[in-house]
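Novice: turn this into a structure:
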Amino acid sequence: MDAIITVDPAQRIVLFNRAAEVVFRCSRLDALGAPLERFIPMRFRAAHQSHIEQFARTGITSRRMGDNLVLWGLRAGGEEFPLEASISQTREAAGNFYTVILRDITLRKHSEDRLKQQQAELRELSARVLEAREEEKTLIARELHDELGQLLTALKMDLAWLRERLPPAESELGGKAAQMDALLDRTVTSVRRISAELRPLMLDDLGLHDAVTWLTDDFAARSGVSCQLTLAEESALEGLERNVANTVYRVLQESLTNIARHAQAAHAWVMLAGDAEGLRIEIEDDGRGIGKEDLVRPRSLGLKGMRERVLYLGGTLEIDRAPRGGTRVRARVPRPHAAQGGT
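Specialist: Below you'll find the predicted structure:
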């Protein structure tokens, strides 16, 4: 049962039902004739009076109070509690009478707060896992590029030395050595590709501008999809925090991977812009487009990973149908100082 309170034009209580006695822990006899502000926390009393006056001027019979906001009441013992309420007004000769129907939502608010806390903790944990993966990828990419790459290069040099010294008459050995040389070339190319997919070293060494350029060129060359890149001036992408650069790069990488695998597109467009507040990236294609069922599919880990990366940094990510008929991914990633300033 909901609590019901009616006040006269002077904002004094004229009706206080049994549920109101329970919610406010105050007897009906004690509440009747008392000012309504007795049950409103001090910091909200001025605003409440202003809202009542504004409601009276609208002429609306009834409406919900505090849309999208949590309202607070004050129990007789001084304890504050969250509530939801609706208000109605009745015009009488003596003035307007106002009736408030309210409900104590303490338990629900506690559950919502707990859920938000758990979601924040899960997002923090997810971010830490992503950071750990990023560090591990960087380490593996470095080892592949530096150690394995150097060993393969040394092996290729040794093979070249050996081929130069093979007797001309040993055509079979020469042919086998040539095959080995070609296999080494393919192995070196594969190592470089795997290393770059794990973590492009130019992202650390040269920055996001060059890494994005390389990634789009490599995507176009390997997929056959024409890719048009509109890139911010290099100065706009300088001095980026590592987690911001990582996030933007991974969003682009995942989006291009999805285009190559699923979109059946002929063209793709990438736009990256930056300013003092953060970065904005858009990736669009003219393929078959993504369906709503794809966005919520449990195995869509790549999309979920993108969203978690962006949300953790206080950014936004939108994935929808593109005007050209394909899929459009739009992300905005604020710089840390901008995200803090907006809170």
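Novice: so where is this structure shaky, pLDDT-wise?
Specialist: Scanning the chain for pLDDT under 70 picks out 66-68, 169, 295-301, 337-343.
Novice: domain map for it?
Specialist: Listed domain ranges for the chain are 3-104, 106-199, 202-343 (source: automatic domain parsing).
Novice: turn the ones you listed into CSV, columns for mean neighbour count.
Specialist: (Glycine included, C-beta is placed from N, CA and C.) Compiled in CSV, the domains of the chain are given as follows (neighbours: other CB atoms under 10 Å):
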stretch, mean neighbour count
domain 3-104, 15
domain 106-199, 13
domain 202-343, 17
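Novice: list the residues that contact R64.
Specialist: E84, A85, S86, I87 (CB atoms under 8 Å, 6 or more residues apart in numbering).
Novice: the third one falls within a strand, correct?
Specialist: Yes. Inclusion of S86 in a strand is indicated when DSSP: H, G, I helix; E, B strand; the rest coil is applied.
Novice: residues contacting it?
Specialist: S86 makes contact with S62, R63, R64, M65, V100, I101, L102, according to CB under 8 Å, 6+ apart.
Novice: strands along the stretch 51-200 of the chain, start to end?
Specialist: Per DSSP state E, counting those that start in this stretch, the stretch 51-200 of the chain carries strands over the ranges 62-65, 71-74, 80-92, 95-104.
Novice: which one of those lies nearest to A47?
Specialist: Set against A47 and scored by CB to CB, the strands of the stretch 51-200 of the chain come closest in strand 71-74, at 10.7 Å.
Novice: contacts for that closest one?
Specialist: So strand 71-74 is contacted by 23-24, 38-41, 44, 65, 80-85, 102, 104 (CB under 8 Å, 6+ apart).
Novice: partner strands of the helix or strand harbouring E284, with direction?
Specialist: Element membership for E284 (DSSP states H and E) is strand 278-285. Next to strand 278-285 in the sheet, as set by DSSP bridges, lie strand 267-274 (antiparallel), strand 327-334 (antiparallel).
Novice: need the ones you listed in JSON lines (columns: distance to E121).
Specialist: Formatted as JSON lines, these follow (distance: least, CB to CB, whole Å):
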{"stretch": "strand 267-274", "distance to E121": "31"}
{"stretch": "strand 327-334", "distance to E121": "22"}
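Novice: looking at these, which is closest to Q228?
Specialist: strand 267-274 (5.0 Å).
Novice: quick one: classify P9 as helix, strand or coil.
Specialist: coil.
Novice: and the angle for the host helix or strand of M306 with strand 278-285?
Specialist: M306 is located in helix 301-312, with elements delineated by DSSP H and E. Going by axes from the mean of the first three to the mean of the last three CA atoms, to 10 degrees, helix 301-312 is angled at 160 degrees with respect to strand 278-285.
Novice: would you mind pulling up the elements that helix 301-312 packs against?
Specialist: If you count contacts as 3 or more CB pairs under 8 Å, 6 or more residues apart in numbering; DSSP states H and E, helix 301-312 packs onto helix 106-142, helix 242-258, strand 316-321, strand 327-334.
Novice: about what we covered before: now the helix or strand just after the strand holding E284, how far from the chain's geometric center?
Specialist: Counting by DSSP H and E, the next helix or strand C-terminal to strand 278-285 is helix 292-295. From the chain centre to the centre of helix 292-295 is a distance of 17 Å (CA atoms, centre = their mean, to the nearest Å).
Novice: now stretch 50-62
Specialist: That offset, for stretch 50-62, works out to 39 Å (CA atoms, centre = their mean).
Novice: use 24 as the first number for this chain going forward.
Specialist: In the new numbering, first residue 24, that becomes stretch 73-85.
Novice: which outside residues touch that stretch?
Specialist: By CB under 8 Å, 6+ apart, stretch 73-85 touches Q34, R86, M88, S109, I110, S111, Q112, N119, Y121.
Novice: ok, the residues you listed vs G312, which is closest?
Specialist: R86 (41.1 Å).
Novice: mind listing what the closest one touches?
Specialist: Counting by CB under 8 Å, 6+ apart, R86 has contacts F78, S109, I110.
Novice: need the residues you listed in JSON lines with distance to W95, can you?
Specialist: Below are these laid out as JSON lines (distance: CB to CB, whole Å):
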{"residue": "F78", "distance to W95": "18"}
{"residue": "S109", "distance to W95": "16"}
{"residue": "I110", "distance to W95": "15"}
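Novice: closest one of the residues you listed to Q72?
Specialist: Nearest member of these to Q72, counting by CB to CB, is F78, at 10.8 Å.
Novice: state the distance from that closest one to A42.
Specialist: 23 Å (CB to CB, to the nearest Å).
Novice: cool, and R146?
Specialist: 39 Å.
Novice: next: L185.
Specialist: Distance from L185 to A42, by CB to CB: 94 Å.
Novice: and what of M203?
Specialist: Taken as CB to CB, the span from M203 to A42 is 87 Å.
Novice: before we move on, what about R209?
Specialist: Counting by CB to CB, the gap from R209 to A42 is 78 Å.
Novice: ditto for D308
Specialist: With CB to CB as the criterion, D308 and A42 are 58 Å apart.
Novice: check E187 too.
Specialist: Distance from E187 to A42, by CB to CB: 98 Å.
Novice: go on, R265?
Specialist: For R265, the distance to A42 - CB to CB - is 56 Å.
Novice: got it, and S50?
Specialist: Taken as CB to CB, the span from S50 to A42 is 13 Å.
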